[in-house]
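Student: Quick one, structure for this:
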Amino acid sequence: MRRVIPTVSSRTRVTRSNVPAIPRAKRRLAPLASGIALCLTTLLAGQPALGQSACSINIPGVPDFDQKRAATSTVPGLPNDGAMYCVPTSATDWFAYIANHGVPEVLDGPRDWQSQDNYDFVTDRIKHIGELMGTDAEGGTTGLGPINGLVSHLQATAPNAFTVTGSVAAPGFILAPEHLFDAMSNGGMISMTLGKYQKNNFGHWERTGGHIVALHRVENGCSNSPELMWRDPSTGKNENKTQQADFDSKESSMEEVSGLWSVSGFGVPQTMWRFSSLKGNKFLDSYTVITPMVALTTDDQWDTLVANPVNVLDGGEQGEELAEDAPDGGQFDHFQFHPLRVGTFYATTTGQNGSVKLYKYDPRQEALRILRQLEKRTPIVFGRHGDLYLIDAGQLTRFDTLADSEGLSALGSFDLKGAVPDAMVYDDLADEVTLLFAATRRLLTVSRDLTTMRDRTLPDEVKLGGDVLLANTSLGRNLWIGGTQSPIVYELSPTTDGSGRWQTRQTITLPAVQKPTSLQAGESGSLIVVENGVVREFAYNARTRRWEDAPRSYLAGMKAGRRLVLAQSRTNFNAKTMTGPGWTNYDPTEEDDAGGIPDCPADLSGGADPREPTWGIPDGIVNEADSTYFRIQYERGNLRVADVTGPASPGVPDSRLTEDDLHHYRALHDRSIGHCPTESPPPK
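Tutor: Model (predicted):
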C-alpha cells in the first residue's frame, strides 16, 4: 500500500478531508520547489492525470541579473567588466530567488531585485560568489568551481538546507530536457550550460567554450520537440553596464543530435541536445541543480520507507512526504539516493521468507520496481558517476544504472570471499569505495573499477559499540565512525605519507546522546544523528571548543526511523576529459542570438482548467485564465506563486499570504490584460 502524507503549509492546514485523492500513478517525490509541474497541479486539483508527454513546468519570478558590470568612480564593477562572470551571476539569480521565497539569509532578502538601489549590493555578491567558485576574469569558471562555490555559499548561509547536483554529458550519459523537467518538478533550481561546439578536421564535435544561464521553464520536456526558457546574464553590446537592465528571458527549441564527439582527441559516439533556435552550434552539455534537502528514513517497524522534504521553501500543498511500503511484506534494510537523478533512490528489502531484493524508485514511474534478487543483506552505495556498489554472491559488484533503464548491467566485481561489510561509503574525491568490517577491524578501500585495493586496520583508539555507523560527505576524504551503543564519534582521515593508513583526527562525545541509531555528516561540517526517533544536529562551537546542538538547523526535531539518509551534493565532473581551453567560458556579447522576451508577471497560465496542457505555463496573453490560476494557488497556500507582495515594498514577497497579495495581483492583472510584449525595448 502507498501513502502520501501532505505537509502543512504556513497558511493552510492540509487534511484528508480537503485534499482530493491523488492517483497512484502520478505522485512525485517531494515536489518542493519551484513552480508548478503540470502532472502535479492537475492531480492536486483532483482532475485526471495528464499524459507523460506534457512534462511542462514554469518557475515565475526568477531574477535576471547582468554579468557585465563596469567600474566607474562611483560604481563598483567586476573584474574584466564581468565578461566571464556568467556562472556566479546565474547562481546569484537563484540565491536572490531563494531569498525572496522563504530563506532570506541566503542573500539578505527579500528585496526588489529589479531596483537600481540594490545594484551595488548584487555586484558585491556576484564578486563574492565568483571568489568562492574560483572564477577567472579571462577564462571564467571551470572544473569543480561551480559546485564548490554553490555548496560553500549555501552551507554558510543555510546549513544543510540544500544540496547541489552537477551533471555533465559524457559518452553513454545523455543530458536531455526530460531530465531538466524531472529535476525541476522535484524542487530543483537549475543553472544550465550552453556549450558551444564546432567540427574539427576529423568531423568530430569539439567544444570551444560554454555559457551558463538560469533555466526557469521547460515545455513538452518528454517529447521530441521540447522548448526551454531561461534568464541570460549576458549584457547586450549597446546596453548600459552600470545599471540593471529590465528582466527578460530567452528561449529555444531543442533537437537531438547524434554523432562523434571529441573526447581526449578521439571521436566517441554520443547523443546531445542542440539549442536549435540559437545561432551557431550550442548544446546542453551540463547543468547544476540546487534542490531543497530531502531525507530518506523508515518508520518504527522498518517496513515503510519515507522520503521527507525539509520544507525550507514553502510550496503550499506541493510539499509532501512520500511513503512506500516494502513490496514483499518485509523490512527495508539499506537505501541511497541516486547521485545524478534528483528524486530517484534505490533500496533493499528482506522479505518475511528471508529473500533479499533490490528496488528502484523513479519519480517518473512513481513506484518501487524490483531490479534484482540478492543472496544476502548488503549495504549499497553510489559512486558519483552513477555506479551502484553492493555485495552479491560474496563479491563486491559494480553496476551501471544509467545505460540500461530496464535493469542493471554489471561492470565488474571484486571477490570478498563471502564476507559482507557492516557499512560502506564512497569517496568522491578519490573515486574509491570503502568497506568497514567491524569484527576484524578492517577498512578495505577499492578503486572505482574494482581493480586495486588497500586493506588497513582501524586505529587502536577507535572503540566500536553495537552496530557500526559510518558516514562521509562528497566534499572531503574523512570518515565518521560511531556505534549504536555509544555517544562517541571518531573522525578519521588518511595519512599524508602515501601508505593509505587511517589516523584519528578527533574524538567527539555528543552531548545528551546515549544510543544513536543513525549517523550522517552534514556538508556544513555538522553531525546529524537519530535517537529515539528524533533527529538531532550538532556543530562545533569554536568559542567553547565543544560540539553542541546546531544553533540553526532545518533537520533537528524531524521524526525518523532507525536509519536516516540525507541527499548529498554530487557531480560526475571528470577532470581528465572536461578541462582545457574548450572548457572555459565564452563572452556572450560575441554572440548575436535572438533578443530577450520581456517579463509579463501577470501572465501565469495559458489555461483556466487544470486538465489543459497549458495550465501553469504562461502563453503571452493576460486574461481570465491567469486570474483563475492565481486564485487557486492562493487558496492552496502556494507561496511560490501567490506570494507577490509584502508591507516592506510593493511587489516584493514576504513569505506569507494575505489579502494584500490578492489585491496586488488583481491590480497587476487588470492593467496588463491583453497580449504581453514580445520583444524587449531597445537599450537606452
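Student: so how many other residues sit close to residue 98?
Tutor: For residue 98, the count of nearby residues is 26 (other CB atoms under 10 Å). All C-beta spots, glycine's among them, are computed from the backbone N, C-alpha and C.
Student: Residue 120 belongs to a helix, doesn't it?
Tutor: Yes: counting by DSSP: H, G, I helix; E, B strand; the rest coil, residue 120 is located in a helix.
Student: where does the spatially closest residue to it that is not a sequence neighbour land on pLDDT?
Tutor: Leaving aside its sequence neighbours, residue 120 sits nearest to residue 76 (CB to CB, 6 or more residues apart in numbering; 5.9 Å). On pLDDT, residue 76 comes in at 93.
Student: Residue 2 now?
Tutor: You'll see residue 2 listed with a pLDDT of 37.
Student: thinking again about what came up before, report the contact partners of the residue nearest to residue 120.
Tutor: Listed by CB atoms under 8 Å, 6 or more residues apart in numbering, the contact set of residue 76 reads 69, 120, 123-124.
Student: For it, which three-state class applies?
Tutor: Relying on three-state DSSP, one would call residue 76 coil.
Student: phi, psi of it?
Tutor: Note on residue 76: its backbone torsions stand at phi -70, psi 140 [degrees, to the nearest 10].
Student: Next one: residue 344 from residue 272, what distance?
Tutor: 22 Å (CB to CB, to the nearest Å).
Student: ok, now residue 454?
Tutor: Distance, residue 454 to residue 272, by CB to CB: 38 Å.
Student: Comparing these two, which shows the higher neighbour count?
Tutor: Set residue 454 next to residue 272 and count neighbours by other CB under 10 Å: residue 272 wins out with 21 against 16.
Student: quick one: the more buried one and residue 175 touch, right?
Tutor: Yes: between residue 272 and residue 175 there is a contact under CB atoms under 8 Å: 7.1 Å.
Student: any common contacting residues for the two?
Tutor: Common neighbours of residue 272 and residue 175 are listed as 169, 284-285 (criterion: CB under 8 Å, 6+ apart).
Student: ok, of the residues you listed, which come out buried?
Tutor: Among the shared contacts of residue 272 and residue 175, those classed as buried by 16 or more other CB atoms under 10 Å are 169, 284-285.
Student: Quick one: the residues you listed as a markdown table, columns for distance to residue 246 too.
Tutor: Converted to a markdown table, those look like this (distance: CB to CB, whole Å):
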| residue | distance to residue 246 |
| --- | --- |
| 169 | 33 |
| 284 | 27 |
| 285 | 29 |
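Student: Identify those among those residues that sit within strands.
Tutor: Judged by DSSP state E, these include 284-285 as members of strands.
Student: Just name the closest of the buried ones among the shared contacts of residue 272 and residue 175 to residue 301, please.
Tutor: residue 169 (42.4 Å; CB to CB).
Student: I'd say that closest one and residue 270 touch.
Tutor: Yes: in terms of CB under 8 Å, residue 169 counts as a neighbour of residue 270; the distance is 7.3 Å.
Student: tell me, how many neighbours does the residue nearest to residue 431 when sequence neighbours are not counted end up with?
Tutor: Setting aside the residues directly before and after it, residue 431 is nearest to residue 448 in space (CB to CB, 6+ apart), at 4.2 Å. As a burial measure, residue 448 scores 20 neighbours (other CB under 10 Å).
Student: Likewise for residue 329?
Tutor: 11.
Student: Now do the SS call for it.
Tutor: Per three-state DSSP, residue 329 ends up coil.
Student: which residues of the stretch 301-450 of the chain score low on pLDDT?
Tutor: 314-320, 404-406 (pLDDT under 70).
Student: Now do the strands in it.
Tutor: Shown for the stretch 301-450 of the chain, the strands assigned by DSSP state E, counting those that start in this stretch span residues 304-309, 320-325, 331-337, 345-350, 356-362, 367-374, 380-382, 387-392, 395-400, 409-415, 423-427, 432-437, 442-447.
Student: Adjacent strands (with direction) for the longest one?
Tutor: Okay, so that is strand 367-374. With DSSP bridges as the test, strand 367-374 is paired with strand 356-362 (antiparallel).
Student: what does the fourth one give?
Tutor: Within its sheet, strand 345-350 is paired with strand 331-337 (antiparallel), strand 356-362 (antiparallel), according to DSSP bridges.
Student: re earlier: look up how far residue 409 lies from the residue nearest to residue 120.
Tutor: For residue 76, the distance to residue 409 - CB to CB - is 53 Å.
Student: I'd like to know how many residues surround residue 543.
Tutor: Residue 543 has 6 nearby residues by other CB under 10 Å.
Student: quick one: pLDDT of it?
Tutor: At residue 543, the pLDDT value in this model is 95.
Student: repeat for the one 4 residues further on
Tutor: On the pLDDT scale, residue 547 is placed at 97.
Student: Contacts only, for the nearest residue to residue 150 once chain neighbours are set aside.
Tutor: In space, and not counting its chain neighbours, residue 150 is closest to residue 164: 4.6 Å by CB to CB, 6+ apart. Shown in contact with residue 164 (CB under 8 Å, 6+ apart): 147, 150-151, 154, 288-291, 569, 571.
Student: Could you work out the most separated pair of these?
Tutor: 154 and 571 (14.5 Å).
Student: Please state the mean pLDDT value computed over the helix or strand residue 214 falls within.
Tutor: Residue 214 is part of strand 205-219 when elements are defined by DSSP states H and E. Throughout strand 205-219, pLDDT has a mean value of 97.
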